[in-house]
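> 3D model of this:
(one chain, ligands or ions: 2)
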Amino acid sequence: LSQKLQNVFKNLRSKGRLTEDDVKAALKEVKMALLEADVNFKVVKQFTKAVQERAIGSDVMNGLNPGQMVIKIVNEEMVKLMGSETTEIALRPGQQITVIMMVGLQGAGKTTTTAKIAGKLKQKGKKPLLAACDVYRPAAIEQLKINGEKQEVEVFSMGDKNKPVNIAKAAVEHAAKNGNQVVILDTAGRLHVDEDMMDELIEIKENVDVAQTILVVDAMTGQDAVNVAGTFDEKIGIDGVVLTKLDGDTRGGAALSIRAVTGKPILYVGMGEKLSDLEQFYPDRMASRILGMGDVLTLIEKAQSEIDIDEEKAKDMQQRLKKADFTFDDYLLSMEQMKKMGGLGNILGMLPGLGGGKMPDIDEGEAEKNMARTTAIIYSMTKKERSNPSLLNPSRKHRIAKGAGVDISEVNRLVKQFEQAKKMMKQMPGLMGGRGRGGKMG
Ligand code: GDP
Ligand code: MG
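Ligands and ions are numbered 1, 2, ... in the order given. Down below sits the predicted model:
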């Protein structure tokens with residue numbers, strides 16, 4: 001029963017359901033926003049289709065209109081999609097050497113990110129070794145050496161006359177002798193994904209015990225990121241992604257594309273050319289950046305926090321109900337909530353057995369007037385009286401009636417109804433979630 005009731009209340013709190021038209025109209029806007037953010041169009045299509053299925057028939061939260069409700073769902077799904085608990089590169093335990101291989105296209109930011117990660121590892125008390133495996137790009141080795149110097153970490157290189165796989169093997173041997181717990185292989189990229197490049201990376205992976213393959217992707221590449229990430233994951237297998245150049249004006253749609261296609265976590269984001277500009281990845285920040293609907297999201301947050309407060313109050317009330325500790329203050333609160341839920345008639349219309357779309361035959365105007373009088377009576381009580389109704393002797397009741405401008409018989413009736421309600425609640429363990437004589441109800 002209590003589950004059923006909770007559902008009823010959830011529905012009551014909302015202003016109806018999202019129709020197919022609501023959802024489609026709002027998703028049109030969302031699609032535009034995602035494409036503008038450079039999310040790959042196939043991913044946009046897949047993603048919005050999945051959201052559409054979830055959204056149709058959902059409740060519209062109080063404080064939001066249907067369009068905003070759809071955006072709330074979209075935002076949640078984006079966070080879910082990009083979210084991951086793995087926001088650190090996993091290191092092997094103990095004295096084992098963790099080999100990290102950096103892969104990605106030329107100019108993506110591999111060499112820079114290698115040095116950035118080395119800095120993070122150093123902060124954690126590790127002694128990383130950087131290995132210069134890019135023997136093609138002019139000055140690539142020099143670039144890594146300069147960066148390594150800045151970070152005060154050792155750089156292993158064998159010039160540009162050796163094969164990358166041999167440099168990688170030698171670097172790991174060097175690390176074992178030298179007490180480096182982590183080796184980061186800075187590999188070469190190409191302007192486009194090609195076979196030679198893949199073969200070379202595969203060769204390294206076959207000959208060196210690589211623990212983590214990290215794909216570095218330029219956030220500005222947008223649409224292309226999907227192909228790049230897909231191919232790298234398929235051919236050599238990746239464990240995580242670093243998205244660079246997010247300090248630019250791109251909205252970062254690549255983050256969503258990459259995650260959707262590979263399912264691999266985004267570990268860090270590059271926020272500048274400086275070696276300290278590497279940040280943790282926050283799915284919620286990324287989602288709102290990609291959506292680019294800051295105003296709407298702020299509004300949604302506000303509506304959500306109001307509901308959270310309501311739910312907290314309701315929970316607190318339920319707790320006290322369990323202990324049969326129901327006071328007139330709770331009574332007030334429950335009336336307030338009923339009003340928020342759209343009036344008594346509305347609620348009764350939705351209760352099982354009474355609803356089905358047809359309104360029960362009650363005089364709503366009369367009911368609301370009664371509610372107002374009841375509120376006045378409770379407001380005329382002292383704080384002590386509200387929390388301890390047994391204090392209500394005849395002279396106090398008289399004072400209250402006068403204060404509320406009603407007859408004393410009405411005060412008596414309210415107190416009686418209140419006591420009855422309390423008793424009833426005690427006898428309904430199923431509703432209260434406790435255990436009782438008859439077992440579970442409903
Ligand atoms: P690689 O070819 O993959 O090794 O790429 P590099 O590390 O050489 O980086 C290419 C260029 O991108 C360099 O000029 C870097 O300074 C720059 N770069 C790398 N990461 C970032 C970043 O997060 N933000 C910005 N603004 N520039 C970056
Ligand atoms: Mg490089």
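> Now do stretch 307-326, average pLDDT.
Taken as a whole, stretch 307-326 has an average pLDDT of 73.
> Could I have the CA atoms of that stretch written out in PDB?
What follows is stretch 307-326, C-alpha atoms only, in PDB (Å, rounded to 0.1, in the frame of the first residue of the first chain):
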ATOM      1  CA  ILE A 307      10.900  19.700  -3.900                       C
ATOM      2  CA  ASP A 308      13.800  18.300  -1.900                       C
ATOM      3  CA  ILE A 309      12.800  20.500   1.000                       C
ATOM      4  CA  ASP A 310       9.200  19.400   0.800                       C
ATOM      5  CA  GLU A 311      10.300  15.800   0.700                       C
ATOM      6  CA  GLU A 312      12.500  16.300   3.700                       C
ATOM      7  CA  LYS A 313       9.500  17.800   5.600                       C
ATOM      8  CA  ALA A 314       7.300  14.900   4.500                       C
ATOM      9  CA  LYS A 315       9.900  12.400   5.600                       C
ATOM     10  CA  ASP A 316      10.200  14.000   9.000                       C
ATOM     11  CA  MET A 317       6.500  13.900   9.300                       C
ATOM     12  CA  GLN A 318       6.300  10.300   8.400                       C
ATOM     13  CA  GLN A 319       9.000   9.500  11.000                       C
ATOM     14  CA  ARG A 320       6.900  11.100  13.700                       C
ATOM     15  CA  LEU A 321       3.800   9.400  12.400                       C
ATOM     16  CA  LYS A 322       5.500   6.100  13.000                       C
ATOM     17  CA  LYS A 323       6.000   7.100  16.600                       C
ATOM     18  CA  ALA A 324       2.400   8.300  16.700                       C
ATOM     19  CA  ASP A 325       3.900  11.600  17.500                       C
ATOM     20  CA  PHE A 326       1.600  13.500  15.100                       C
END
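> Could you identify the longest strand within the chain?
Criterion DSSP state E: the longest strand present in the chain is strand 210-218.
> now the angle from the next helix or strand after that one to strand 210-218?
Later in the chain than strand 210-218, the nearest helix or strand by DSSP states H and E is helix 224-235. Angle between the axes of helix 224-235 and strand 210-218 is 160 degrees (criterion: axes from the mean of the first three to the mean of the last three CA atoms, to 10 degrees).
> is ligand 1 contacted by helix 224-235?
No - using CB under 6 Å from any ligand atom, helix 224-235 never reaches ligand 1; the gap is at least 11.9 Å. Every C-beta, even on glycine, is put in place using the N, C-alpha and C of the backbone.
> Now do the helix or strand that that helix is followed by against strand 210-218, angle only.
Proceeding N to C from helix 224-235, the next assigned helix or strand is strand 240-244, under DSSP H and E. Relative orientation of strand 240-244 and strand 210-218, computed by the same axes, to 10 degrees: 30 degrees.
> Parallel or antiparallel, list what pairs with strand 240-244.
strand 210-218 (parallel), strand 266-270 (parallel) (DSSP bridges).
> Show me what the first one is in contact with.
Read that as strand 210-218. By CB atoms under 8 Å, 6 or more residues apart in numbering, the residues outside strand 210-218 that reach it are 89-92, 98-105, 107-110, 113, 185, 204-205, 225, 228-229, 232-233, 236-245, 254, 258, 264, 267.
> Narrow those residues to those that are buried.
89, 91, 98-105, 108-110, 113, 185, 204-205, 225, 228-229, 232-233, 236, 238-245, 254, 258, 264, 267 (16 or more other CB atoms under 10 Å).
> Ok, which of the strands paired with strand 240-244 comes nearest Q123?
Across the strands paired with strand 240-244, Q123 has its closest neighbour in strand 266-270 (13.4 Å, CB to CB).
> hmm, the next helix-or-strand element following the closest one in reach of ligand 1?
Per DSSP H and E, the first helix or strand lying C-terminal to strand 266-270 is strand 278-280. No - on the criterion CB under 6 Å from any ligand atom, strand 278-280 is out of touch with ligand 1, staying 7.6 Å away.
> near ligand 2, which residues of this protein show up?
Residues of the chain lying close to ligand 2 by CB under 5 Å from the ion are K110, T111.
> Which part of the chain gets nearest to ligand 2, residue-wise?
Of all residues in the chain, T111 sits closest to ligand 2, at 3.3 Å by CB to the ion.
> Can you get me a residue count around that residue?
Residues lying near T111 (other CB atoms under 10 Å) number 26.
> Ok, T375 next?
16.
> do the same with K122
15.
> and the strand or helix carrying it, what's its mean pLDDT?
Using DSSP H and E, K122 sits in helix 110-123. Mean per-residue pLDDT for helix 110-123: 96.
> do the same with stretch 267-286
pLDDT averaged over stretch 267-286 gives 94.
> That stretch spans what distance, first to last residue?
12 Å (CA to CA, to the nearest Å).
> Next, the buried residues of that stretch.
So for stretch 267-286, counting by 16+ other CB under 10 Å, buried means 267-272, 275, 277-278, 281-283, 286.
> In the stretch 251-400 of the chain, which residue sits closest to ligand 1?
G270 (2.5 Å; CB to the nearest ligand atom).
> Check whether that residue really touches K110, as I assumed.
No - contact criterion CB atoms under 8 Å: G270 and K110 do not qualify, at 10.7 Å.
> measure M102 to G159 for me?
Separation of M102 from G159 (CB to CB, to the nearest Å): 20 Å.
> how close does the residue of the stretch 251-400 of the chain closest to ligand 1 get to S276?
Distance, G270 to S276, by CB to CB: 11 Å.
> For G125, grab phi and psi.
phi 90, psi 10 (degrees, to the nearest 10).
> since we're on it, how many residues are nearby?
Neighbours of G125 (other CB under 10 Å): 7.
> Which of the residues in stretch 218-228 are classified as buried?
For stretch 218-228, by 16+ other CB under 10 Å, it's D218, A219, M220, T221, G222, Q223, D224, A225, V226, V228.
> Lowest pLDDT pick from those?
Among the buried residues of stretch 218-228, G222 has the weakest pLDDT, 79.
> That one: what's it in contact with?
Counting by CB under 8 Å, 6+ apart, G222 has contacts D38, V39, N40, T250, G253, A254, S257.
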